[in-house]
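**Student:** Kindly return the folded structure for what I paste below:
(one chain, ligands or ions: 2)
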Amino acid sequence: MKREYSCVLVTGGSGFIGSNFIRWLLGPSGYSGKVVNLDALTYAGNPESLDDVATAAGARYAFEKADICDRAAVEAVFATHQIDAVVHFAAESHVDRSIHGPEAFVRTNVMGTFTLLDVARQAWKGRQDVLFHHVSTDEVYGSLGDSGYFTEATPYDPRSPYSASKASSDHIVMAYSHTYGLPVTMTNCSNNYGPYQFPEKLIPVMILNMLEGKPLPVYGDGKNIRDWLYVEDHNSAVWTVMTQGRLGETYNIGGENEWENIQLLGRLIEIVAQEAGKSVASLRSLITYVKDRPGHDRRYAIDCAKLKGELGWKQSVDFETGLRKTVRWYLDNPLWIEHVRSGEYRNWMDKNYGAR
Ligand code: NAD
Ligand code: TYD
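**Tutor:** Ligands and ions are numbered 1, 2, ... in the order given. Here you go, the predicted structure:
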């Protein structure tokens, strides 16, 4: 039987995955309840990503600007809304930033997750008809060689400040399930891509640099491998676990779609060339190998047999289609791009990377 909710608190709902999730939940998912988006609007959060959704949803959508580390603010959100499920996306999410400044990652990902969990436990007072769903990453499992896959049983072996902070939050979530009986589920997913992704991650960085004729910075030898998952497939997987997953369990979500970075870039160049009317040769000439990321994980690849076998989920968007939709979205949304690249983010990029 599927669990049902009437008021879902989405943390980090103004970020990349969270905004896509809310758009989908209030739209095609079939969910008829309310969504509360709790977001601190860091450099990575942009409320404009949901302007149209907020208007269309009316009273079914509420926005609460709050920091998950601020206990009183989170308590106030629980006091205001009759929340019966939390889906926790809010995080510092970029590995490169975690190398430059790990403290924010420990603060938000560890302390913030703890604070949110503790407020939920207090507010729900032992209720079992509620759920705390934690969104985590495959990066907690470390780095693979040429073969093998991450399963839910793979021992944790995080290597970056980002993945270490996410691993830590995962353990706290599971501790709240075991110790206090808080109903939780968790998902660990591979690299998401799609519309509204902040232009610091590989795919949007490359698309925007191609459009602007800037160098395409490939870290190291370009042969690191990631398993790419279209964000809409991630949405449906998270909701499947929230409504049908076994409590206290982790489910891995992957695209079963492994690409070396340099291979992916080749494909992306062809699509941008077609969609933006540029020559493949001129775009290829922008490829620039740069110094490798310290501690750069070599390969991530997810075995998602548990999710597919137990809950019947499967991916629905192939890579070619997903990449093309993503490229089109960035071509069609110059104002969104301009807005997210202004202000604090621009200052940070200039300080750490110069004119990139
Ligand atoms: P993002 O960086 O695009 O968005 C993060 C959001 O969280 C932003 O809206 C930001 O304002 C908000 N936020 C940050 N700190 C906060 C705080 N202290 N209080 C309240 N809000 C805060 O991230 P994303 O790519 O959408 O990732 C969402 C989640 O998915 C994260 O938990 C991340 O670890 C996980 N994840 C992402 C990927 C990926 O490929 N992007 C892969 C695996 C797991
Ligand atoms: P990223 O999108 O930062 O995700 P993650 O590090 O969480 O997997 O990076 C994806 C891959 O692309 C990773 O191997 C690092 C590499 N990369 C580049 O080569 N150049 C870039 O400019 C960026 C941002 C990433």
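
**Student:** Please make it C-alpha for all contacts and neighbour counts, starting now.
**Tutor:** Noted.

**Student:** Would you mind listing what in the stretch 101-250 of the chain touches ligand 2?
**Tutor:** Counting by CA under 6 Å from any ligand atom, the positions of the stretch 101-250 of the chain adjacent to ligand 2 are 200-202, 217-219, 224.

**Student:** which helix is the longest one in the chain?
**Tutor:** Looking across the chain with DSSP state H, the single longest helix is helix 161-180.

**Student:** where do the strands sit along the protein?
**Tutor:** All strands of the chain, identified by DSSP state E, fall at 7-11, 34-39, 61-65, 85-88, 131-137, 184-189, 191-193, 216-219, 225-230, 250-253, 258-260, 287-290.

**Student:** near ligand 2, anything from the last one?
**Tutor:** Okay, so that is strand 287-290. No - if you take CA under 6 Å from any ligand atom as the test, strand 287-290 misses ligand 2, and the best it gets is 8.1 Å.

**Student:** about what we covered before: and the furthest pair within the residues of the stretch 101-250 of the chain next to ligand 2?
**Tutor:** Using CA to CA, those reach their maximum pairwise distance at 200 and 224, which is 17.3 Å.

**Student:** near ligand 1, which residues of the stretch 51-200 of the chain?
**Tutor:** With CA under 6 Å from any ligand atom as the criterion, the stretch 51-200 of the chain comes near ligand 1 at residues 66-69, 89-93, 108, 135-137, 189-192, 198.

**Student:** can you give me the helices for the stretch 251-356 of the chain?
**Tutor:** 261-276, 280-284, 305-311, 319-332, 334-340, 343-353 (DSSP state H, counting those that start in this stretch).

**Student:** Reformat the ones you listed into JSON lines and put mean neighbour count next to each item.
**Tutor:** Listed next are the helices of the stretch 251-356 of the chain as JSON lines, based on neighbours: other CA atoms under 10 Å:
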{"stretch": "helix 261-276", "mean neighbour count": "18"}
{"stretch": "helix 280-284", "mean neighbour count": "16"}
{"stretch": "helix 305-311", "mean neighbour count": "16"}
{"stretch": "helix 319-332", "mean neighbour count": "17"}
{"stretch": "helix 334-340", "mean neighbour count": "13"}
{"stretch": "helix 343-353", "mean neighbour count": "12"}
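
**Student:** okay, which residue of the protein is out on the far edge from center?
**Tutor:** Most distant residue from the mean C-alpha position of the chain: residue 281, 32.5 Å away (CA atoms, centre = their mean).

**Student:** And it, how far from ligand 1?
**Tutor:** Residue 281 is 29 Å from ligand 1, where distance means CA to the nearest ligand atom, to the nearest Å.

**Student:** measure that residue to residue 75 for me?
**Tutor:** Between residue 281 and residue 75 the distance, using CA to CA, to the nearest Å, works out to 55 Å.

**Student:** before we move on, what about residue 317?
**Tutor:** Distance from residue 317 to residue 75, by CA to CA: 38 Å.

**Student:** Pick out whichever of these two has more residues nearby.
**Tutor:** Between residue 317 and residue 75, residue 75 has the larger neighbour count (other CA atoms under 10 Å), namely 18 against 15.

**Student:** so what's the more buried one closest to, chain neighbours aside?
**Tutor:** The shortest distance from residue 75 to any non-neighbouring residue, by CA to CA, 6 or more residues apart in numbering, is to residue 119 (6.1 Å).

**Student:** Likewise for residue 15?
**Tutor:** Spatial nearest neighbour of residue 15, chain neighbours left out: residue 45 (4.6 Å); criterion: CA to CA, 6+ apart.

**Student:** can you check residue 210 too?
**Tutor:** Looking at residue 210 with CA to CA, 6+ apart, the closest residue is residue 283, at 6.3 Å.

**Student:** and stretch 327-338, anywhere near ligand 1?
**Tutor:** No - figure legend: stretch 327-338 not in contact with ligand 1 (CA under 6 Å from any ligand atom); closest approach 13.3 Å.

**Student:** ok now that stretch, how far from the chain's centre?
**Tutor:** How far stretch 327-338 lies from its chain's middle: 19 Å, per CA atoms, centre = their mean, to the nearest Å.

**Student:** Going forward, count from 677.
**Tutor:** Sounds good: first residue 677 from here, last item stretch 1003-1014.

**Student:** could you give the mean pLDDT of that stretch?
**Tutor:** Summarised as a single mean, pLDDT over stretch 1003-1014 is 96.

**Student:** for it, how far is the first residue from the last?
**Tutor:** Per CA to CA, stretch 1003-1014 runs 16 Å from first to last residue.

**Student:** residues touching the closest residue to residue 964 other than its chain neighbours, list them.
**Tutor:** Spatial nearest neighbour of residue 964, excluding adjacent residues (CA to CA, 6+ apart): residue 893 at 5.1 Å. Counting by CA atoms under 8 Å, 6 or more residues apart in numbering, residue 893 touches 882, 963-966.

**Student:** can you rerun that using 10 Å?
**Tutor:** 878, 881-882, 885, 962-968, 1032 (CA atoms under 10 Å, 6 or more residues apart in numbering).
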